[in-house]
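Student: what would the 3D arrangement of this be:
(one chain, ligands or ions: 2)
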Amino acid sequence: EQNIFILGIESSCDDTAASVIHNGKILSNVIANQKIHEEYGGVVPELASRAHQQNIVPVVAQALAKANITKDKLHAVAFTRGPGLMGSLLVGTSFAKSLAYGLNIPLIDVNHMQAHILAHYIEEEGFNKPPFPFLAMTISGGHTQIVRVNSYFDMTVIGETIDDAVGEAFDKSGKILGLGYPAGPEIDKRAKLGNPKAFKFTKPKVDGLNFSFSGLKTAILYFVQNETKKNPRFIEDNLNDICASIQYTIIGILIDKLKTASKQTGIKHIAIGGGVSANSGIRQALKDGEQKFGWTTYVPKFEFTTDNAAMIAIVGYLKYLEGDFSKQTVTASARLKI
Ligand code: KG4
Ligand code: ZN
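Tutor: Numbers count the residues shown, from 1 in each chain. Ligands and ions are numbered 1, 2, ... in the order given. I've put the predicted structure just below:
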């Protein structure tokens, strides 16, 4: 357990990523973003899969080069098995299987949703690791989940979205307002300049700890259409206030569910991950939760919140220590559960 080098590979959606981890420390974390999807306003699966094929070899080579090691130093190859887009997953899966086979080292399959959570266990100065048990909320363009984490590999999903992910709620609202894709970061920026209580959107009623965001998007659409009939410049005149009000509503939904989850489980350690955890409003709301509800909150370093391979590598390392390896017959799984 002294000098373990593991290569992690991530290709579940539109980012081709590779990372080398040495014990718990990340040596390299390389990502090739696929710009191509921007002009379509969303990820096009077939284009994503083709771009992964072009990117995977150079991205892995770069990850090894930046870590300053050659592939014969690797102890194992970890890869994202799912969930995600099948065509995208197949590229990383096939590549990882071939590489591990060629090097005659263990192959380790990783669940992408577990990896978002276990990213908190990457050794990183200034970041604390949440103690078990804790609640993890994963919020991104593809996922919205609250998970009770009892130990590294004992996790239970206690709430999730029944329709759109929270990132989609940001992106689709932004589209209605004529903002570019993805709209989350711009809504965040404008929200800082607007009044969060200028416009009121009703929160969806969803049982238990589950989420629903598709109704909110429709409510925003009708609201904007209606107001624009009265004032054709309604969006331009009120853009910052609209953004602030949308963001305020979304954060309210997330925090309400976290409050309920914390009450139900009695757990006050709360960790977030996924691209939407970059949102300044949600970060502030979590900080406020420390004062208001006695929470201790954990937000990973930004590069480990969006899709990345470092989180795959840390899971690879943890599984390597347990001797939890995969067979060469392992297959990608688009709907893999936690
Ligand atoms: O994790 P991620 O990079 O990719 C996946 O979806 O897996 O998350 C991207 C999502 C997009 O929906 C984007 O609009 C949203 O995260 N996002 C934000 C912010 N930064 C990124 N949403 C709100 N505020 C932000 N600052
Ligand atoms: Zn993700």
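
Student: correct me if wrong: Leu85 contacts Cys13.
Tutor: Yes. In this structure Leu85 lies within contact range of Cys13 using CB atoms under 8 Å: 6.0 Å. All C-beta atoms are positioned from the backbone trio N, CA, C, and that covers glycine.

Student: where does the stretch 1-150 of the chain get nearest to ligand 1, residue-wise?
Tutor: Gly141 (2.6 Å; CB to the nearest ligand atom).

Student: got the phi and psi for that residue?
Tutor: phi -70, psi -20 (degrees, to the nearest 10).

Student: quick check: chain neighbours aside, which residue is closest to it?
Tutor: Spatial nearest neighbour of Gly141, excluding adjacent residues (CB to CB, 6 or more residues apart in numbering): Gly167 at 3.4 Å.

Student: and the residue of the stretch 1-150 of the chain closest to ligand 1, how many neighbours?
Tutor: 25 (other CB atoms under 10 Å).

Student: from Gly266, how far out is it?
Tutor: 31 Å (CB to CB, to the nearest Å).

Student: strands of this protein, residue ranges please.
Tutor: Secondary structure of the chain (DSSP state E): strands located at 5-10, 15-22, 25-33, 76-82, 107-111, 134-139, 144-151, 154-160, 269-273, 296-298.

Student: output the ones you listed as TSV; include the columns mean neighbour count, mean pLDDT and distance to ligand 2.
Tutor: Formatted as TSV, the strands of the chain follow (neighbours: other CB atoms under 10 Å; pLDDT from 0 to 100; distance: least, CB to the ion, whole Å):
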stretch	mean neighbour count	mean pLDDT	distance to ligand 2
strand 5-10	28	98	9
strand 15-22	28	97	9
strand 25-33	20	95	12
strand 76-82	27	98	9
strand 107-111	25	98	11
strand 134-139	26	98	7
strand 144-151	21	98	10
strand 154-160	16	98	14
strand 269-273	24	98	8
strand 296-298	18	98	17
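
Student: now render those strands as CSV, adding distance to Lys259.
Tutor: Shown next, in CSV, are those (distance: least, CB to CB, whole Å):
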stretch, distance to Lys259
strand 5-10, 32
strand 15-22, 32
strand 25-33, 33
strand 76-82, 31
strand 107-111, 27
strand 134-139, 11
strand 144-151, 11
strand 154-160, 12
strand 269-273, 10
strand 296-298, 13
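
Student: quick one: contacts for the residue in the stretch 1-150 of the chain positioned nearest to ligand 2?
Tutor: Going by CB to the ion, ligand 2 is nearest to Ser140 of the stretch 1-150 of the chain, at 4.9 Å. By CB atoms under 8 Å, 6 or more residues apart in numbering, the residues touching Ser140 are His116, Ala165, Val166, Gly167, Gly274, Gly275, Val276, Thr306, Asp307.

Student: now, the most widely separated pair of those?
Tutor: Farthest-apart pair in those is Val166 and Asp307; separation 15.2 Å (CB to CB).

Student: please name the nearest non-neighbouring residue to the residue positioned nearest the centre of the chain.
Tutor: Nearest to the mean C-alpha position of the chain, by CA atoms, centre = their mean, lies Gly274 at 2.5 Å. Closest residue in space to Gly274, ignoring its immediate chain neighbours: Ser140 at 3.3 Å, by CB to CB, 6+ apart.

Student: got phi/psi on the one you found?
Tutor: Dihedral angles (degrees, to the nearest 10) for Ser140: phi -150, psi -170.

Student: so what are the domain limits for the chain?
Tutor: 5-120+304-322, 129-299 (automatic domain parsing).
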